[in-house]
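Engineer: Need a 3D model of the sequence below.
(one chain, ligands or ions: 1)
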Amino acid sequence: MTAFTVSWNIVSKHLRRRPPPVVALLLQVAAIPPALAIALVLHSQHYAVTLVSLAFLCGLIAALLSHLFGLAKWWIPIQLLFLPALAWTLSLDLSPTWFLIAFLILLAVYWSTFRTQVPLYLSSEKVWRALVDLLPPATPGKPITFMDLGSGLGGVLAHLSSARPDGRYFGVEVAPLPFFWGWLRLLRKHNCEVRWGSLWDCDLSQYDVVFAYLSPVPMEQLWLKAQKEMRPGSTFISSTFDVPDQRPQQTIQIDDMHRSTLLIWHL
Ligand SMILES: C[S@@+](CC[C@H](N)C(=O)[O-])C[C@H]1O[C@@H](n2cnc3c(N)ncnc32)[C@H](O)[C@@H]1O
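Structural biologist: Down below sits the predicted model:
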């Protein structure tokens, strides 16, 4: 093994332990010296190197490094276009206030996605309808209880509460703007309650059905929590993201745009 391979493996191992946005940023920085070196060579050969072409060169190298260091494939176009987009935006000479406003809006929508790696995207109406069929039958005097972990804009809860008014529907959402949107949407629904907070602070023993549409990242830890807290006879449903090494007892393929699958475990 050469010294280069050894150093590459060490760097690669260290990078893989860090959150992907940090790795992406480090690779952007790492792309600058080789891009500058290439630009200097081109300049010495009398080629005109503009700021935009330099930004593209950095983007190209950052995209290549991202591929080599195993970032998910959707990072590649982001890495490629990040610096050119930055150079283009700066050329518009906008007031810094616009950048602050855009940053605050994105922060309110995505909040801790940087850490949780669970962004906001919404499940389809077809998923909502399939969930109605998965609710347990009504029992007189005992309303069913349903929890949407990461309730987003409250669409799941709003639909279930209209379709099965005999139930009680709860949600927890960590990002402030989606939480506020969901809270407003559900304000007039007497059988819905959405809370601003982390799903990790929820006691899952309260619910007959727990639903999660998150990302692959938290599924293993969430499964351990569900197993520890959920009552026998209750149901855990994950949309699209499976639990490593845990075969669901039932799966339902949804014919929607995302090709969602509902994975169902009866505890
Ligand atoms: C993919 S969206 C699903 C939204 C909604 N459940 C639906 O099906 O349309 C996931 C949501 O979980 C939220 N989220 C991520 N981590 C969370 C956490 N630890 N606690 C609460 N919410 C979280 C995100 O902010 C995002 O709104």
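
Engineer: Report pLDDT for Trp98.
Structural biologist: Looking at Trp98, its pLDDT reads 90.

Engineer: Show me how the record splits the chain into domains.
Structural biologist: The chain breaks down into these domains under automatic domain parsing: 3-93, 125-266.

Engineer: can you pull the contacts of the residue of the stretch 101-250 of the chain at minimum distance from the ligand?
Structural biologist: Residue nearest to the ligand within the stretch 101-250 of the chain: Gly150 (2.2 Å; C-beta to the nearest ligand atom). Bear in mind the C-beta positions are built from the backbone N, C-alpha and C, glycine included. Neighbouring residues of Gly150 by C-beta atoms under 8 Å, 6 or more residues apart in numbering: Val118, Val172, Glu173, Val174, Leu199, Ala212, Tyr213, Leu214.

Engineer: Ser215 reaches Pro119, doesn't it?
Structural biologist: Yes - between Ser215 and Pro119 there is a contact at 7.4 Å, judged by C-beta atoms under 8 Å.

Engineer: Which pair of the contacts of Gly150 spans the longest distance?
Structural biologist: Farthest-apart pair in the contacts of Gly150 is Val174 and Tyr213; separation 13.9 Å (C-beta to C-beta).

Engineer: Looking at the two, which one has more neighbours?
Structural biologist: Of the pair Val174 and Tyr213, Tyr213 is the one with more neighbours under other C-beta atoms under 10 Å, namely 23 against 20.

Engineer: Just read off the phi/psi values of the more buried one.
Structural biologist: phi -130, psi 90 (degrees, to the nearest 10).

Engineer: gap between it and Ser124?
Structural biologist: 10 Å (C-beta to C-beta, to the nearest Å).

Engineer: Next: Arg115.
Structural biologist: Distance from Arg115 to Ser124, counting by C-beta to C-beta: 27 Å.

Engineer: higher neighbour count, the two?
Structural biologist: Counted by other C-beta under 10 Å, Arg115 and Ser124 do not tie: Ser124 has more neighbours, with 16 against 11.

Engineer: picking that back up, out of the contacts of Gly150, who's near the ligand?
Structural biologist: Near the ligand, judged by C-beta under 6 Å from any ligand atom, the entries from the contacts of Gly150 are Val118, Val172, Glu173, Val174, Leu199, Tyr213, Leu214.

Engineer: dump the residue contacts of the fourth one.
Structural biologist: Right, the one you point to is Val174. For Val174, the contacting residues are Trp111, Ser112, Thr116, Gly150, Trp196, Gly197, Ser198, Leu199, by C-beta under 8 Å, 6+ apart.

Engineer: want to throw the residues you listed into JSON lines with pLDDT?
Structural biologist: JSON lines is the format used below for the contacts of Val174 (pLDDT from 0 to 100):
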{"residue": "Trp111", "pLDDT": "80"}
{"residue": "Ser112", "pLDDT": "76"}
{"residue": "Thr116", "pLDDT": "75"}
{"residue": "Gly150", "pLDDT": "95"}
{"residue": "Trp196", "pLDDT": "95"}
{"residue": "Gly197", "pLDDT": "94"}
{"residue": "Ser198", "pLDDT": "94"}
{"residue": "Leu199", "pLDDT": "95"}
